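K.L.:
quick one, fold the following:
(chains A, B, C and D)
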Protein chains: 2
Amino acid sequence: MDSNLSYQQVLKEGENLYHPGLSIDCVIFGFHKNELKVLLLKMKYSDKWALPGGFVLREENVEDAAARILEARTGLEQIFLKQFHLFGDTRRSDSGFNREFLEQHGIPYDKDHWLLQRFVTVGYYALVNFANAVPRPDPLSEACEWKDLQQVSLLRHDHNQILDKALETLRQELRYQPIGYNLLPKKFTMRELQKLYETILGKKLDRRNFMRKVLSYGILKKTGEVRTGAAHTSPQLYTFDLARYKQALQEGLQKVW
Amino acid sequence: MDSNLSYQQVLKEGENLYHPGLSIDCVIFGFHKNELKVLLLKMKYSDKWALPGGFVLREENVEDAAARILEARTGLEQIFLKQFHLFGDTRRSDSGFNREFLEQHGIPYDKDHWLLQRFVTVGYYALVNFANAVPRPDPLSEACEWKDLQQVSLLRHDHNQILDKALETLRQELRYQPIGYNLLPKKFTMRELQKLYETILGKKLDRRNFMRKVLSYGILKKTGEVRTGAAHTSPQLYTFDLARYKQALQEGLQKVW
DNA sequence: TCAAAAGTGTTTCATTTACACCCATGA
DNA sequence: TCATGGGTGTAAATGAAACACTTTTGA
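P.N.:
Residues are numbered from 1 along each chain as shown, chains lettered A, B, ... in the order given. Model (predicted):
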């Protein structure tokens, strides 16, 4: 939803404002306390949680719409954001839900209402720095929270499917792209980076081999600082070498052929 | 376009028939004489070539629409078909072209005509067996031909950009997926498979190392036959072990992490 | 008999894996 | 002083890269 418009306006004027039959759903990933999190909304009058989403203005690039939605929910700009799939099955439009939804907002039933038409939705996933994001519900929601990926239950519509596909895409891309710059704080320990990888991949990695491998990519710099306060050797703090990181994003980390 | 409808019907009734503001463009790849080909259409009243495309019926899955379009242009069913991107920039809609197009087909100018609205388009790429495909122009086109990828010039709209993205995706997927089953005839020589890889990757590979590597994937079977007729040792004919091939598609060919 | 491509192996080098001990820190 | 996790190295196995000569075939 566009935060510059009241939701009543949106519900009524949507047909004129938005590109028809097209929505966006964002899977916003964060990383905190060694857990992968996803940002979810709980809509009013519903007990299900949902992915943040919205519509594309008639004169707006789809990419920009996704960034706008992301910023509205997290307060963050210039975030890593990537389109991963268009969901276009006819069955995915659950007009029952939207019908109920309209009635709850005092819009009389009208089978031609724009929200009751068939929608296809474009999935984007975002990687954001957990500490910097400030979750904000949209006007139609009563809550906006980070949820542990392991604890996500039944979501609205086909949002579980969208989330699964996002995660699958993220895992694929981890194979040949660096990751972490968008999810970790500026300075981080090797262990934190490893935990991120382990969480996304869903498996344990050998500590020493992990270290050797990521260092061989040449995308990390030692800050020279250490993190104190724990009852063991103070670990080194690393930061990403942004130039090399971006280069690795473009060229990939390894060549098979 | 749906071949069951006359194009006049389509132009007039499209608004009722199709999901609004949504089109599909297909990048159909084939392989012949050691060259990667792409199937293009030449529309009437235009000197530019274009990707085969169409629209999504109101009660049709987007995936099914892509398959329908593919079948209409090649006569092939059950083809490898993969969505790769949604192109959603506002600039991509070149209403000038479609306006001209409508006038040429005797439709009076109407700024609200459905074809003059903004469209977003979903890109699918297909891998087809060159020998089995029978290129057929759609009713609005005067030609439908395989073009050598190297010789593709300026295409309609943003179709060059769509083609480039398809090729980039194909190259990416080659990194961790097997390829060839959909592009090569049932039986083929090691050299032909190698040429396919070389063409997609755009570089030469060592003959012996290539052979060792693809054989190590375990997705090939020797047929025991050879191909005679050339002035050199008759090469072995191979075929894909479909079960293992599909398994490799799912699991990927190599693990980095 | 000649040209062209197929078949075949080995050595070298790089990468990956598995694995163990000592050290620094805060409680 | 103890528990916890950090730092470090090596040997063995596997995989990748570079490379040359002989054989078969049809013209």
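
K.L.:
which stretches in the stretch 101-250 of chain A count as helices?
P.N.:
In the stretch 101-250 of chain A, the helices defined using DSSP state H, counting those that start in this stretch lie at A:159-174, A:190-201, A:207-216, A:242-251.

K.L.:
dump those helices to CSV, plus mean neighbour count, mean pLDDT and distance to A:Tyr124.
P.N.:
In short, each C-beta sits where N, CA and C put it, glycine included. Below are the helices of the stretch 101-250 of chain A laid out as CSV (neighbours: other C-beta atoms under 10 Å in any protein chain shown; pLDDT from 0 to 100; distance: least, C-beta to C-beta, whole Å):
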stretch, mean neighbour count, mean pLDDT, distance to A:Tyr124
helix A:159-174, 18, 95, 8
helix A:190-201, 18, 95, 17
helix A:207-216, 13, 96, 27
helix A:242-251, 13, 93, 17
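
K.L.:
as CSV, the ones you listed with distance to A:Leu76 would be great.
P.N.:
Listed next are the helices of the stretch 101-250 of chain A as CSV, based on distance: least, C-beta to C-beta, whole Å:
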stretch, distance to A:Leu76
helix A:159-174, 18
helix A:190-201, 18
helix A:207-216, 25
helix A:242-251, 18
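
K.L.:
report the central residue of chain A.
P.N.:
Among the residues of chain A, the one closest to the centroid is A:Ile28, at 1.5 Å (C-alpha atoms, centre = their mean).

K.L.:
need the phi and psi values for that residue.
P.N.:
The phi and psi values for A:Ile28, taken as degrees, to the nearest 10, are phi -100, psi 110.

K.L.:
for it, report the pLDDT, please.
P.N.:
At A:Ile28, the model reports a pLDDT of 97.

K.L.:
which bits of the stretch 151-257 of chain A sit near DNA strand D?
P.N.:
Within the stretch 151-257 of chain A, the positions near DNA strand D by C-beta under 7 Å from any atom of the strand are A:189-191, A:207-209, A:211, A:226, A:230-236, A:255-256.

K.L.:
at 10 Å instead, please
P.N.:
Neighbours of DNA strand D within the stretch 151-257 of chain A, by C-beta under 10 Å from any atom of the strand: A:189-192, A:194-195, A:206-212, A:215, A:222, A:226-227, A:230-238, A:254-257.

K.L.:
what does chain A put close to chain B?
P.N.:
Contact residues (C-beta under 8 Å from any C-beta of the partner chain) of chain A with chain B: A:19-22, A:56, A:58-63, A:83, A:85-86, A:88-90, A:118, A:120, A:122, A:172, A:174-176, A:197, A:201, A:205, A:252-257.

K.L.:
show me those residues that map onto strands.
P.N.:
A:19-22, A:56, A:83, A:85-86, A:120, A:122 (DSSP state E).

K.L.:
residues touching A:Tyr7, list them.
P.N.:
A:Tyr7 makes contact with A:1, A:105, A:138-140, according to C-beta atoms under 8 Å, 6 or more residues apart in numbering or on different chains.

K.L.:
TSV for those, including pLDDT, neighbour count and distance to DNA strand C?
P.N.:
Shown next, in TSV, are the contacts of A:Tyr7 (pLDDT from 0 to 100; neighbours: other C-beta atoms under 10 Å in any protein chain shown; distance: C-beta to the nearest atom of the strand, whole Å):
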residue	pLDDT	neighbour count	distance to DNA strand C
A:Met1	47	21	45
A:His105	78	14	52
A:Asp138	87	19	41
A:Pro139	83	13	45
A:Leu140	83	18	45
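
K.L.:
now the two most distant members of those.
P.N.:
Farthest pair in the contacts of A:Tyr7 (C-beta to C-beta) is A:His105 and A:Asp138. Separation: 13.2 Å.

K.L.:
out of the residues of the stretch 151-257 of chain A next to DNA strand D, which touch DNA strand C?
P.N.:
A:206-212, A:226-227, A:230-235, A:254.

K.L.:
need the max-distance pair from those residues.
P.N.:
Across those (C-beta to C-beta), the longest gap, 37.6 Å, separates A:Ala231 and A:Gln254.

K.L.:
higher neighbour count, those two?
P.N.:
A:Gln254 (12 against 4; other C-beta atoms under 10 Å in any protein chain shown).

K.L.:
that one and A:Pro178 touch, don't they?
P.N.:
No: A:Gln254 lies out of contact with A:Pro178 (C-beta atoms under 8 Å); the separation is 11.1 Å.

K.L.:
tell me the residues of chain A that contact DNA strand C?
P.N.:
Residues of chain A lying near DNA strand C (C-beta under 10 Å from any atom of the strand): A:205-213, A:216-217, A:226-235, A:253-254.

K.L.:
my guess is A:Gln8 contacts A:His105. True?
P.N.:
Yes: with contact defined as C-beta under 8 Å, A:Gln8 and A:His105 form a contacting pair (7.5 Å).
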